[in-house]
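S.K.: For reference, the sequence and a predicted model appear below.
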Number of protein chains: 2
Amino acid sequence: MVIDTRIRIIDAAERLFAEHGVEQTSMRAITRAAEVNVAAVHYHFGAREDLLRAVLDRTVSPLNERRLALLDQAIDAADDDPPSVRSILAAFIRPDIEAIEGLRDRGVEIAQFLGRVYAAPAPTVERIMGAQFHAVSARFLKELGRSLPQVAHDDITYALRIVVGVLVAFFANATPRGRRGDLDTTDVDVTVERLLDFLVPGFVALPTRPGQRQLVGRRKRPPP
Amino acid sequence: MVIDTRIRIIDAAERLFAEHGVEQTSMRAITRAAEVNVAAVHYHFGAREDLLRAVLDRTVSPLNERRLALLDQAIDAADDDPPSVRSILAAFIRPDIEAIEGLRDRGVEIAQFLGRVYAAPAPTVERIMGAQFHAVSARFLKELGRSLPQVAHDDITYALRIVVGVLVAFFANATPRGRRGDLDTTDVDVTVERLLDFLVPGFVALPTRPGQRQLVGRRKRPPP
DNA sequence: GTCTATAACGGGATAGAC
DNA sequence: GTCTATCCCGTTATAGAC
């Protein structure tokens, strides 16, 4: 074995999926980039979708595991109190920002990849990741509900969805290697805090129900 | 002419682009749906990208025109003062929400279409719409800068990008015809206000420069 | 204006030699 | 494990009959 064909294929696929999108990347493009024969990928993975599964398992699944781990940490750190909305959202956001930085060393512009996967998952991606995404968001919704007892469940769902959208926009426009000095993500802490500064106030402004104990800044619904 | 082949083609293309994405929609699928021959589209439009241009011109461009018109209205309504951030953002997001409702009558699930176009525009879409998107956002950035003189230009750019992300999230999850009672957009006013309630606090929390006259709720950057 | 037929190509998958 | 050769499909685009 030269360097392990299997790994070379996953590396190339990961990079090309990120760059051009899953559905726009042909197996031939992947094998060309990996300098491997077309048949090798069928030998090692089976069908195209199985290769996609291998890539998502290595690249996206760990992000969700880390999200849950950070959430548990936040809960522990808060003792018996419910953790702050900020700390919950930090657990949700941070793994992606870390990944953007970390994967640059592998030459993978993961940001746009995640943007696409989160925003408009291709049917194949949906099949593979759907259950996992659902489980993670269910867990975060539960914890957010505990920290915001006066906010209706639907409103929290809605707000978390917005968080995902913000990540998508953030990723989709993250310039490769910070070119154009555009969206600098080189300092993970700064980037996370900056996003939280924008998002947390939106959660605080969520409408509260009768026994409101929440905060200021109530919103007015327009006249009916 | 049966009903005008040209229109039938655009209608079908619009619907399929929205449903499956631009790059995933073949001309054959379009002509099948339009019950038109494959060659007809070449006769009427030329190449595939020219058809795409026709669809975007009819569906997305009017949204940007309306954005600018609403922005002008907001400026007029504020007399000589700079308009509020809320009114500027309302002008930005309202046309999309209106379109989601309006196009349902044509059977077009425009929401997912816009989500894809805004989040990760295909290269072809980028070629066609890039300049227009840039012009519109430049205009809004200018006005936001006037209304938030103490906020750095980069931070406003950053925040507007987040707004786009919020729209993307909103679109991506808007269920067809409000099925699953999920994200109800039947009342445009309510939907717009709800989004603004989440977004405006984030703008208010943007960092201000020395001569700050802005507001409360300052953020801390983490230690370097 | 609308059709059929076909050119020219790229895609995923597999059989079978090495 | 890895290669070549090939099958069969769907794609855009065009030529030419009607």
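M.R.: On my side now, so go ahead.

S.K.: what sits against the residue nearest the centre of chain A?
M.R.: The residue lying closest to the centre of chain A (CA atoms, centre = their mean) is A:D96, at 5.2 Å. The contact partners of A:D96, by CB atoms under 8 Å, 6 or more residues apart in numbering or on different chains, come to A:L63, A:L114, A:L167, A:F171. No exception for glycine: its C-beta is placed from N, CA and C like everyone else's.

S.K.: Can you flag which of those residues belong to helices?
M.R.: With helices defined by DSSP state H, the entries of these inside them are A:L63, A:L114, A:L167, A:F171.

S.K.: Intersect those residues with the contacts of chain B.
M.R.: Among these, the ones lying near chain B by CB under 8 Å from any CB of the partner chain are A:L167.

S.K.: What is the nearest of the ones in helices among the contacts of A:D96 to DNA strand C?
M.R.: DNA strand C lies nearest to A:L114 out of the ones in helices among the contacts of A:D96, by CB to the nearest atom of the strand, at 21.4 Å.

S.K.: Okay, that closest one and B:Q150: tell me how far apart.
M.R.: 33 Å (CB to CB, to the nearest Å).

S.K.: re earlier: neighbour-wise, which of the ones in helices among the contacts of A:D96 leads?
M.R.: A:F171 (28 neighbours; other CB atoms under 10 Å in any protein chain shown).

S.K.: need the contact list for the residue nearest to A:R58 when sequence neighbours are not counted.
M.R.: Counting by CB to CB, 6 or more residues apart in numbering or on different chains, A:I10 is the residue found nearest to A:R58 once chain neighbours are left out, at 6.3 Å. Shown in contact with A:I10 (CB under 8 Å, 6+ apart): A:L51, A:A54, A:V55, A:R58.

S.K.: can you give me the helices in chain A?
M.R.: Along chain A, the segments classed as helices by DSSP H run A:5-20, A:27-34, A:38-45, A:48-59, A:61-77, A:85-104, A:110-119, A:123-147, A:153-172, A:188-204.

S.K.: Could you single out the most deeply buried of the ones you listed?
M.R.: Of all these, helix A:110-119 has the most neighbours on average by mean count of other CB atoms under 10 Å in any protein chain shown, namely a mean of 25.

S.K.: Tell me the predicted confidence for the closest residue to chain B within chain A.
M.R.: Nearest residue of chain A to chain B, counting by CB to the nearest CB: A:G165, 2.0 Å away. pLDDT, A:G165: 86.

S.K.: Look up the closest residue to it, ignoring the ones flanking it.
M.R.: Once flanking residues are discounted, A:G165 sits nearest to B:A169: 2.0 Å by CB to CB, 6+ apart.

S.K.: The one you found reaches A:A159, doesn't it?
M.R.: No: at 10.0 Å, B:A169 does not count as touching A:A159 under the criterion of CB atoms under 8 Å.

S.K.: related to what we said a few turns ago, any chance of the helices of chain A in a markdown table, plus distance to B:G107?
M.R.: Below are those laid out as a markdown table (distance: least, CB to CB, whole Å):
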| stretch | distance to B:G107 |
| --- | --- |
| helix A:5-20 | 31 |
| helix A:27-34 | 35 |
| helix A:38-45 | 39 |
| helix A:48-59 | 30 |
| helix A:61-77 | 36 |
| helix A:85-104 | 35 |
| helix A:110-119 | 23 |
| helix A:123-147 | 21 |
| helix A:153-172 | 25 |
| helix A:188-204 | 33 |
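
S.K.: Contact partners for A:R139?
M.R.: For A:R139, counting by CB under 8 Å, 6+ apart, the contacting residues are A:L68, A:L71.

S.K.: and if you look at A:L199?
M.R.: Going by CB under 8 Å, 6+ apart, A:L199 touches A:L89, A:I162, A:V163, A:V166, B:G202.

S.K.: what does A:I100 give?
M.R.: Applying CB under 8 Å, 6+ apart to A:I100 gives the contacts A:I110, A:A111, A:L114, A:F171, A:A174, A:T185.

S.K.: and if we set it to 6 Å?
M.R.: A:I110, A:A111, A:T185 (CB atoms under 6 Å, 6 or more residues apart in numbering or on different chains).

S.K.: Pretty sure the second one sits against A:A172.
M.R.: No: taking CB atoms under 6 Å as the definition, A:A111 is not a contact partner of A:A172, at 7.4 Å.

S.K.: and the nearest residue to A:P201 once chain neighbours are set aside, what pLDDT?
M.R.: Spatial nearest neighbour of A:P201, excluding adjacent residues (CB to CB, 6+ apart): B:P201 at 3.5 Å. Among the per-residue scores, B:P201 holds a pLDDT of 97.

S.K.: How about the residues of chain A by DNA strand C?
M.R.: Contacts of chain A with DNA strand C, taken as CB under 7 Å from any atom of the strand, map to A:S26, A:M27, A:R28, A:A29, A:V38, A:A39, A:H42, A:G46, A:A47, A:R48, A:E49.

S.K.: Can you name the two of these that sit furthest apart?
M.R.: Pairwise distances across the residues of chain A next to DNA strand C peak at 18.4 Å for A:A29 and A:G46 (criterion: CB to CB).

S.K.: what ranges of chain A fall below the confidence cut-off?
M.R.: A:1-2, A:173-184, A:211-224 (pLDDT under 70).

S.K.: Break it down into its structural domains.
M.R.: In terms of domains, chain A is parsed into A:1-46, A:59-204 (source: automatic domain parsing).

S.K.: Which residue is the nearest non-sequential neighbour of A:G107?
M.R.: Spatially, and ignoring its direct neighbours in sequence, A:G107 is nearest to A:R15 (6.2 Å; CB to CB, 6+ apart).

S.K.: hang on, isn't that neighbour packed against A:R106?
M.R.: No: counting by CB under 6 Å, A:R15 does not reach A:R106; the two are 7.8 Å apart.

S.K.: how about the residues of chain A near DNA strand D?
M.R.: Within chain A, the positions adjacent to DNA strand D are A:M1, A:V2, A:T5, A:R6, A:V36, A:N37, A:V38, A:A39, A:A40, A:Y43, A:H44 by CB under 7 Å from any atom of the strand.

S.K.: Tell me which two of these sit farthest apart.
M.R.: A:M1 and A:V38 (18.4 Å).

S.K.: Look up how far A:R116 lies from the closest residue in space to A:T124 that isn't next to it in sequence.
M.R.: Leaving aside its chain neighbours, A:T124 sits nearest to A:E49 (5.4 Å; criterion: CB to CB, 6+ apart). Here the criterion is CB to CB. By it, A:E49 lies 17 Å from A:R116.

S.K.: A:T31 too?
M.R.: A:T31 is 22 Å from A:R116, by CB to CB.
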